[in-house]
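[1] Quick one, structure for this:
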Amino acid sequence: MLNAESLNVTQNLTASSGKQSVAEGDSSEVESSESDDESTQTPQQKNYTLGGSLSEVINPDEEGCMCMKYEIYCQQPSDDHHYFKNARKFCKSRSFTKGLRGQLVVIRNKRSDRILRKFIKDNKLHRAPCTTNKGFWIGLDALRQDNLFIWSNNFPTCGYRNWAPNQPDYDGKNNKRCVQLSYKRGDNGKWSDEYCDSQPKGFICEIPGSYVKHFDENCMCMLYEFYCQQPDDDHPYYANAEAYCNTRFVQNGGPRGRLAVLRKSVVDLKIREFIMYNNLDGPPCITKFGFWIGLEDTLNEDEFIWSDGESHCQDDYRNWAPGEPNNNTKKK
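    Below you'll find the model as predicted:
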């Protein structure tokens, strides 16, 4: 099947590990305009090795939540000079939702810090072959103002902090302006400042997904994959689409995928907006003008059941077209 696009919305933690090479600009959307003192174009002719990725739900305000994807990259090549700035440029090229680009990670609270350090330790990313210089760049630096460390999102470090003992030791003169998760003896991933260009490091990107307001209290992070029209000989169509989705998963050993459950109006709206925005509602993606979702009445006629086993009840959210369901087919 042809994967047309994918969309992450917030619906909690998903993770995957396993090293793979990611070339600069290898993302669903690359911003080319300048929003600060440097272009978002990535360092030329550089490949970085992805050590692993995971997602976390964060709460930017009291009304909603956001799915944040973290990508943890192994040590930069030794000839990748301007190490910190090149890592920052690369993260800005990463995105998985149109219009939202990545940045070097902002560690907002103890929970996020613990999740990242645990993932690095569990997957042994703080050791060779992933890293030998015992550190991962994060989005905190004093490059913009002496003696003031500022995050990638332009907020100062006035909230949560986790500095290693005797850190930071930048004094305005020694030029140790960039911050890493340090894995030097005894630091265990706590923060320390470092010379920005002295050594290649690993680095951590954060890439925001969709922001969802008034969602449910569980805030599960869900990945939606949109597939274009099945081949004409892919009989039976619905059953094969359902079987294929059941093979998909985000994390090895984690929950299997399914045809989409649209139990919330906000999810239904985002999916329809995504299809229209990416021109997936017509050729060349589809010619039959429809996408299967996980709702069917094959067990009992007119009793529609979602692919997660829950009934499509009268009081539930529904968005049938006029005159539907009309039972022309048993699956819709």
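[2] use CA for all of it now, contacts and neighbours both
    OK.
[3] Nearest the geometric middle of the chain, what residue?
    The centroid of the chain falls nearest to residue 69 when counting by C-alpha atoms, centre = their mean (2.8 Å).
[4] Chain neighbours aside, what residue packs nearest to that one?
    residue 55 (4.2 Å; C-alpha to C-alpha, 6 or more residues apart in numbering).
[5] Please verify my assumption that that neighbour contacts residue 70.
    Yes - judged on C-alpha atoms under 8 Å, residue 55 makes contact with residue 70 at a distance of 5.9 Å.
[6] circling back: check what pLDDT the residue nearest to the centre of the chain gets.
    With respect to pLDDT, residue 69 has a value of 85.
[7] Quick check: it vs residue 111, distance?
    15 Å (C-alpha to C-alpha, to the nearest Å).
[8] Show me the helices in the stretch 201-332 of the chain, by range?
    Using DSSP state H, counting those that start in this stretch, the helices of the stretch 201-332 of the chain run over 237-245, 265-277.
[9] and those, which one's lowest on average pLDDT?
    Least confidently modelled of the helices of the stretch 201-332 of the chain is helix 265-277, at a mean of 86 by mean pLDDT.
[10] So which bits of that helix are buried?
    Burial within helix 265-277, assessed by neighbour count using 16 or more other C-alpha atoms under 10 Å, is assigned to 267-268, 271, 274-275.
[11] Spit out the contact partners of the residue nearest to the centre of the chain.
    53-56, 206-209 (C-alpha atoms under 8 Å, 6 or more residues apart in numbering).
[12] Alpha carbons of the one helix or strand it maps to, as CSV, please.
    Assessed by DSSP states H and E, residue 69 sits inside strand 64-73. Output of strand 64-73 as CSV, limited to C-alpha atoms (Å, rounded to 0.1, in the frame of the first residue of the first chain):
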residue,chain,number,x,y,z
GLY,A,64,-5.2,21.0,26.0
CYS,A,65,-2.1,18.8,25.4
MET,A,66,0.4,18.2,22.7
CYS,A,67,2.2,15.1,21.5
MET,A,68,6.0,15.8,21.5
LYS,A,69,8.3,13.5,19.6
TYR,A,70,11.9,13.3,20.8
GLU,A,71,14.7,12.1,18.4
ILE,A,72,18.0,11.1,20.1
TYR,A,73,20.9,11.2,17.7
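[13] Just give me how far that strand sits from the chain centre.
    Computed by C-alpha atoms, centre = their mean, to the nearest Å, the separation of strand 64-73 from the middle of its chain amounts to 5 Å.
[14] Any stretches of the stretch 151-300 of the chain with poor pLDDT?
    158, 172-173, 210-221, 250-254 (pLDDT under 70).
[15] Also the stretch 1-150 of the chain?
    1-46, 59-65, 96-99.
[16] how about the helices in it?
    Along the stretch 1-150 of the chain, the segments classed as helices by DSSP H, counting those that start in this stretch run 83-92, 110-122.
[17] deepest of the ones you listed, which one?
    helix 83-92 (a mean of 24; mean count of other C-alpha atoms under 10 Å).
[18] could you check the angle strand 64-73 makes with it?
    130 degrees (axes from the mean of the first three to the mean of the last three C-alpha atoms, to 10 degrees).
[19] From the chain's centroid, how far away is helix 83-92?
    17 Å.
[20] pretty sure residue 91 is touching residue 106, no?
    No - counting by C-alpha under 8 Å, residue 91 sits too far from residue 106 to count as a contact (12.0 Å).
[21] what residues are shared contacts of those two?
    In contact with both residue 91 and residue 106: residue 206, using C-alpha under 8 Å, 6+ apart.
[22] residue boundaries of the strands in the chain?
    3-10, 14-23, 47-61, 64-73, 103-104, 135-141, 150-151, 178-182, 191-194, 202-213, 221-227, 295-296, 305-306 (DSSP state E).
[23] Parallel or antiparallel, which strands does the fourth one pair with?
    When you say that, I think you mean strand 64-73. strand 47-61 (antiparallel), strand 202-213 (antiparallel) (DSSP bridges).
[24] on that earlier part again, I'd like the helices of the stretch 1-150 of the chain as a markdown table, with distance to residue 200 appended.
    A markdown table is the format used below for the helices of the stretch 1-150 of the chain (distance: least, C-alpha to C-alpha, whole Å):
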| stretch | distance to residue 200 |
| --- | --- |
| helix 83-92 | 6 |
| helix 110-122 | 17 |
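[25] per-domain residue ranges of the protein.
    12-209, 228-332 (automatic domain parsing).
[26] just those domains: most buried one?
    Of those, domain 12-209 is the most buried (mean count of other C-alpha under 10 Å), at a mean of 19.
[27] How far off centre is it?
    On the basis of C-alpha atoms, centre = their mean, domain 12-209 sits 14 Å off its chain's mean C-alpha point.
[28] Now for the closest residue to residue 120 other than its chain neighbours: which residues touch it?
    Once flanking residues are discounted, residue 120 sits nearest to residue 126: 6.3 Å by C-alpha to C-alpha, 6+ apart. The neighbourhood of residue 126, defined by C-alpha under 8 Å, 6+ apart, consists of 120, 132, 134-135, 183.
[29] hmm, 10 Å instead?
    For residue 126, the contact set (C-alpha atoms under 10 Å, 6 or more residues apart in numbering) comprises 74-75, 117, 120, 132-136, 181-184, 188-189, 202.
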